[in-house]
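Participant: Sharing a model that was predicted from the sequence below.
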Amino acid sequence: MAIFFYLFSSLMILSSIGVITSRNPVYCVLWLIFTFLNSSAIFIQLGAEFIAMTIIIVYVGAVAVLFLFVVMMLNINLAEIKSQLLGNRIVGACLMFVLIIDFILIVKSALSSNSTISIFHNQASGKLSNTHSIGAILYTDYIIVFQLSGLVLLLAMVGCIVLTVRKREGVEKQNAHKQIARTIEESIEIIKVKTRVGVNGINYK
Amino acid sequence: MESIISNVTLEHYVILSCCLFSIGMCGLLLNKGNVINILMSIELMLLAANINFVAFSSYYNELTGQIASIIILAIAAAEAAIGLAIIVNFYRACGTISIEKINKLKG
């Protein structure tokens, strides 16, 4: 149990360092995907299977692929990125070290009272699976939050379309207003066809 | 000392998320490349927040943290989509997304 935690967490930290140090943005995105996969393993260890699957589906399947599309769509000049200063690296390492030490001290002082008690449960919450119990409270107690997050996603979708849509000349599009405003009278005409004569003189609109 | 290593406690998960958050923060602050790297660093920080929420929810046997984690996932997806749309638009307008070159506001 513990060895898997150390394995996945060390892989996760190494790959997240890879995210911020890779020169090539495509490699950054691939490291990001690896970080998400490792975090999914960590979530499974925590007993949160639903979140683990959601991480894989949402982050790896949607967000990271979106990043990959954008990185590959834009023509990023790699030579431009390579002209970084080395001094920045040293400052970055120092800053990261200080931040991590700071956080660890805060955590140590905050959790020292109950750090020895491991209240790790897993199946202690009853016979229900993790997904079942999340569903039971997500659609009842937290329904407003759930709906609001759906609204946020809808807004994001509309915003993305509005931001990236381009009006181009020479593209045939259908006119929605005109199409909706059509009536039966102006689109269908019933004609009695005589034998051996055929139809002539139809007025197309 | 042996029990600290062999027993995975809440503290381990919180320290892991601290490390991840710090790495994301440094990527955010020291990034000299393009704007996409900044968005990726923000994703890392949101992942650290997720780990924190889920660890506390799992250890205190309370599912609210996992609900918060789902909400964070939704917000992160929306944020990434909007940010990338803005980046694509900016690239069309200016031909670059390098942080050094983005100086239209003369800041």
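Facilitator: That came through fine.
Participant: roughly how far is whichever strand or helix holds A:F5 from the heart of the chain?
Facilitator: Here A:F5 is covered by helix A:2-21, with elements defined by DSSP states H and E. Offset of helix A:2-21 from its chain centre (Cα atoms, centre = their mean, to the nearest Å): 21 Å.
Participant: now the angle from the following helix or strand past that helix to helix A:2-21?
Facilitator: As assigned by DSSP H and E, the chain's next helix or strand after helix A:2-21 is helix A:25-45. If you take axes from the mean of the first three to the mean of the last three Cα atoms, to 10 degrees, helix A:25-45 sits at 160 degrees to helix A:2-21.
Participant: going on from the helix or strand of chain A at the bottom of the mean pLDDT ranking, what's the next piece of helix or strand?
Facilitator: Ranked by mean pLDDT, DSSP states H and E, the weakest helix or strand in chain A is helix A:78-82, scoring a mean of 57. Going down the chain from helix A:78-82, the next helix or strand is helix A:86-111, by DSSP H and E.
Participant: I'd like the mean pLDDT over stretch A:166-177, please.
Facilitator: The pLDDT scores in stretch A:166-177 average 83.
Participant: Give me the residues contacting that stretch.
Facilitator: Taking Cβ atoms under 8 Å, 6 or more residues apart in numbering or on different chains as the criterion, no residue outside stretch A:166-177 touches it. The C-beta positions use only the backbone N, C-alpha and C, and glycine is treated the same way.
Participant: ends of it, how far apart?
Facilitator: The stretch stretch A:166-177 measures 20 Å between its terminal residues, going by Cα to Cα, to the nearest Å.
Participant: Give me the distance from it to the chain's centre.
Facilitator: With Cα atoms, centre = their mean, you get 30 Å for stretch A:166-177.
Participant: Give me the residue ranges of chain B where confidence is low.
Facilitator: B:1-6, B:107 (pLDDT under 70).
Participant: Helices along that one, start to end?
Facilitator: Here chain B has its helices, by DSSP state H, at B:2-6, B:10-30, B:35-59, B:64-94.
Participant: Switch those helices over to a markdown table; also include distance to chain A and mean neighbour count.
Facilitator: Listed next are the helices of chain B as a markdown table, based on distance: least, Cβ to the nearest Cβ, whole Å; neighbours: other Cβ atoms under 10 Å in any protein chain shown:
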| stretch | distance to chain A | mean neighbour count |
| --- | --- | --- |
| helix B:2-6 | 5 | 10 |
| helix B:10-30 | 3 | 22 |
| helix B:35-59 | 4 | 23 |
| helix B:64-94 | 3 | 18 |
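Participant: Can you check which of those gets nearest to A:A93?
Facilitator: helix B:10-30 (8.2 Å; Cβ to Cβ).
Participant: which residues are contacting stretch A:42-52?
Facilitator: A:1, A:4-5, A:8-9, A:12, A:40-41, A:55, A:121-122, A:129-131, A:134, B:8, B:13, B:16, B:50-51, B:54-55, B:57-58, B:66, B:69-70, B:73.
Participant: So for that stretch, first residue to last residue, what's the gap.
Facilitator: Note: stretch A:42-52 ends 8 Å apart using Cα to Cα.
Participant: Name the residue closest to the centre of chain B, please.
Facilitator: Centroid check for chain B by Cα atoms, centre = their mean gives B:M45 as the closest residue, at 2.4 Å.
Participant: for chain A, same thing?
Facilitator: A:V63 (3.3 Å).
Participant: so where is chain A shaky, pLDDT-wise?
Facilitator: A:77-88, A:112-126, A:203-205.
Participant: Same list (the helices of chain B) but as CSV, adding distance to A:V29.
Facilitator: Listed next are the helices of chain B as CSV, based on distance: least, Cβ to Cβ, whole Å:
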stretch, distance to A:V29
helix B:2-6, 34
helix B:10-30, 13
helix B:35-59, 7
helix B:64-94, 11
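Participant: Is there contact, residue-wise, from stretch A:19-31 to chain B?
Facilitator: Yes: using Cβ under 8 Å from any Cβ of the partner chain, we find that stretch A:19-31 touches chain B at A:19-20, A:23, A:25, A:28-29.
Participant: So which residues make contact with that stretch?
Facilitator: Against stretch A:19-31 from outside (Cβ under 8 Å, 6+ apart): A:15-16, A:18, A:32, A:35, A:64, A:67-68, A:71-72, A:76, A:78, A:81-82, B:23-24, B:26-27, B:30-31, B:33-34, B:36-37, B:40-41, B:44.
Participant: repeat that for 7 Å
Facilitator: A:15, A:18, A:32, A:35, A:64, A:67-68, A:71, A:76, A:78, A:81-82, B:23, B:26-27, B:34, B:36-37, B:40-41, B:44 (Cβ atoms under 7 Å, 6 or more residues apart in numbering or on different chains).
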